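Chemist: Task: produce atomic coordinates for the following.
(one chain, ligands or ions: 2)
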Amino acid sequence: MKVIVSERIAPEGIELLKNEGFEVNVRVGISYEELLEIIENYDALIVRSATKVDEQMIKRGKNLKVIARAGVGIDNVDVEAATKQGIIVVNAPDGNIMAAAELTIGLIFSIFRNIPQAYMACKQGDFRRNRFKGVELYEKTAGIIGFGKIGALVAERLKACGMRVIAYDPYVSEEKFRKFGVEKVDFETLLREADLITIHTPKTAETYNLISEKEFKKMKRGVRIVNCARGGVINEKDLYNAIKEGIVAAAALDVMEREPNFEIEKQDYYNPLLELDNVVITPHLGASTQEAQVNIAVSIAKEVVAVLKGGIAKNAVNLPAFEKEKVDEILPHLELAEAIGKIYIQAERTFANKIEIIYSGEIDPKMTTWLTRALLKAYLEFSVQDTVNYVNAQVLAQEQGIEVIESRKQESGKFKNMITARFTTEEKTLELSGTVYNNEGRIIDFFGYKVDFKPEKYMLLIQNIDKPGMIGKIGTIVGEYDINIAQMQVSRNKKGEKAVMVCEVDGIVPNEAIEKLKNTDGILRVTMAKL
Ligand SMILES: NC(=O)c1ccc[n+]([C@@H]2O[C@H](COP(=O)([O-])OP(=O)(O)OC[C@H]3O[C@@H](n4cnc5c(N)ncnc54)[C@H](O)[C@@H]3O)[C@@H](O)[C@H]2O)c1
Ligand SMILES: O=C(O)[C@H](O)COP(=O)(O)O
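Modeler: Numbering: from 1, shown residues only. Ligands and ions are numbered 1, 2, ... in the order given. From the prediction side, this is the model:
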């Protein structure tokens with residue numbers, strides 16, 4: 001079996017693979033085109049964040065069994081295309097969290113005390129210190145956006161510096177905030193009160209451009225900002241303007257929306273932020289410590305060995321490691337369970353402290369543990385994306401303070417099989433059910449409304465008053481934004497009361513259209529769900 005490694009990983013990982021008898025070809029800096037030419041010769045591909053593993057690459061990788069991301073973020077890998085081709089995608093979700101947290105702290109000190117700028121001046125023989133007077137962290141307020149693994153490590157460290165630490169993360173339990181002694185605040189409060197804002201969310205449809213002009217306008221004058229998570233969460237043009245206007249006193253960015261890959265060749269790269277003296281930029285260094293790189297290389301090599309030798313990959317992000325025949329049998333159920341998790345979290349966007357999953361009728365009892373994991377993975381993926389997989393989904397749910405209860409029932413009414421999930425939040429309990437027939441998953445109970453639809457990639461979920469003209473209004477508004485409604489499912493429990501519409505649309509309905517829909521007479525709630 002042959003493994004190709006397209007980016008620099010620690011030698012410990014390469015050795016481990018060789019010792020297992022694999023032929024390992026290390027090709028740091030290989031171009032996209034060349035990799036495309038030779039990928040069909042390999043069983044495994046190991047990458048970091050700079051290699052684009054798109055649909056074309058995957059299709060050409062006819063013999064690939066595993067794509068391994070030596071790090072956390074899998075945004076450079078087309079996981080959907082890999083799943084379709086039965087290729088397992090693995091990553092190393094924990095190996096670099098301390099490295100990223102420590103770099104964040106380093107960047108915070110850099111921009112509070114102007115350390116990089118002062119160093120550069122001294123190198124040029126200029127030892128005047130007046131220009132570099134800084135500010136202290138002590139007794140200031142730090143606002144953490146994304147209170148996950150790295151966010152929590154950063155919080156602990158900032159508290160040790162005597163800071164008041166507040167955080168915004170709607171997907172984390174109150175218990176976690178209490179445990180770390182961090183105040184849970186809403187987004188607006190964080191923007192208003194923080195002297196330091198540090199980002200630790202993944203890049204998702206929801207976090208893309210989370211900090212833009214509107215948010216900068218709400219911040220304290222003189223705020224300092226750090227992004228050691230993912231480029232694109234901060235709108236760079238708006239950050240530039242906010243610095244020029246004096247709203248932001250300084251910023252530090254380890255990640256940017258477009259990052260040059262200097263492993264391939266020295267590239268022309270321009271970013272206006274590089275011109276500003278109060279912006280400190282590092283070349284995506286978060287994971288670059290000796291310890292993190294060894295952790296990651298060893299963990300990823302073990303995963304590759306597991307997949308190629310038919311064992312269980314602990315960090316598979318797409319498919320559990322089943323034999324091919326079993327995958328075909330379980331896939332529609334897995335997809336249905338995932339759809340239920342995704343529909344709930346995108347429709348509600350609220351932390352559920354209890355999730356009960358009830359399996360009824362003809363469902364192989366050996367399958368249900370994987371179905372529960374699939375549902376939890378899909379639920380968690382919306383907020384933690386790269387770090388949840390089939391194996392850790394249950395543990396992560398537990399860590400987040402979610403009580404998970406799985407049960408079985410014999411009878412399943414008129415359906416052969418049924419999966420029901422009951423989500424309980426501080427305020428209410430909501431239910432979704434689905435069934436598989438003809439190898440296809442269908443939702444049959446949508447938050448208490450009887451429906452029958454196949455979960456599709458893009459769905460507009462609407463709750464409205466049951467009165468004439470609603471369907472037309474929705475079609476018109478969505479049509480104004482050039483979005484086609486492919487199918488629509490309408491359901492009500494009682495004439496003239498509340499009703500729901502589930503529309504399959506051809507693409508993501510823009511936020512502006514969603515706002516218009518929300519402001520339309522008779523419409524109560526609107527959400528866009530992407531499966
Ligand atoms: N710079 C680097 O080299 C480097 C290294 C490691 C990780 N990272 C990145 O750091 C980020 C955090 O990693 P992690 O391991 O802590 O991930 P994590 O999954 O443990 O935590 C992410 C947190 O973000 C929260 N979140 C999601 N959407 C949110 C929203 N709209 N608003 C507020 N919070 C939201 C989630 O609930 C979760 O708690 C990721 O983007 C990861 O890719 C960067
Ligand atoms: O997602 C990650 O693990 C980090 O962003 C690090 O990426 P890298 O492996 O390219 O350094």
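Chemist: Output stretch 373-393 in PDB with nothing but the alpha carbons.
Modeler: C-alpha atoms of stretch 373-393 as PDB (Å, rounded to 0.1, in the frame of the first residue of the first chain):
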ATOM      1  CA  ARG A 373     -23.500   8.900  17.100                       C
ATOM      2  CA  ALA A 374     -24.500  10.100  13.600                       C
ATOM      3  CA  LEU A 375     -27.300  12.200  15.000                       C
ATOM      4  CA  LEU A 376     -25.100  13.700  17.800                       C
ATOM      5  CA  LYS A 377     -22.300  14.300  15.300                       C
ATOM      6  CA  ALA A 378     -24.700  16.200  13.000                       C
ATOM      7  CA  TYR A 379     -26.100  18.200  15.900                       C
ATOM      8  CA  LEU A 380     -22.600  19.100  17.200                       C
ATOM      9  CA  GLU A 381     -21.100  19.600  13.800                       C
ATOM     10  CA  PHE A 382     -23.100  22.800  13.300                       C
ATOM     11  CA  SER A 383     -21.100  24.400  16.100                       C
ATOM     12  CA  VAL A 384     -17.900  22.400  16.400                       C
ATOM     13  CA  GLN A 385     -17.500  21.200  12.900                       C
ATOM     14  CA  ASP A 386     -14.000  19.800  12.500                       C
ATOM     15  CA  THR A 387     -13.600  18.300  15.900                       C
ATOM     16  CA  VAL A 388     -16.500  15.900  16.100                       C
ATOM     17  CA  ASN A 389     -16.600  12.500  14.600                       C
ATOM     18  CA  TYR A 390     -18.400   9.100  15.000                       C
ATOM     19  CA  VAL A 391     -16.200   8.000  17.800                       C
ATOM     20  CA  ASN A 392     -16.100  11.100  20.000                       C
ATOM     21  CA  ALA A 393     -19.600  12.400  19.300                       C
END
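Chemist: does any part of it sit near ligand 2?
Modeler: No: legend: contact between stretch 373-393 and ligand 2 by CB under 6 Å from any ligand atom is lacking; minimum distance shown is 6.7 Å. All C-beta atoms are positioned from the backbone trio N, CA, C, and that covers glycine.
Chemist: Ok, stretch 137-153 next?
Modeler: No: using CB under 6 Å from any ligand atom, stretch 137-153 never reaches ligand 2; the gap is at least 10.1 Å.
Chemist: By proximity to ligand 2, which residue of this protein wins?
Modeler: Gly71 (2.7 Å; CB to the nearest ligand atom).
Chemist: does that residue really touch Ala287, like I thought?
Modeler: Yes: with contact defined as CB atoms under 8 Å, Gly71 reaches Ala287; the gap is 5.6 Å.
Chemist: Poorly predicted segments of this protein, please.
Modeler: 262-266, 319-327 (pLDDT under 70).
Chemist: quick one: the helices in the stretch 1-150 of the chain?
Modeler: Counting by DSSP state H, counting those that start in this stretch, the segments of the stretch 1-150 of the chain that form helices are 11-19, 32-38, 55-60, 79-84, 97-113, 115-123, 149-160.
Chemist: For the third one, name the packing helices and strands.
Modeler: Counting contacts by 3 or more CB pairs under 8 Å, 6 or more residues apart in numbering; DSSP states H and E, the secondary-structure elements packed against helix 55-60 are helix 32-38, helix 79-84.
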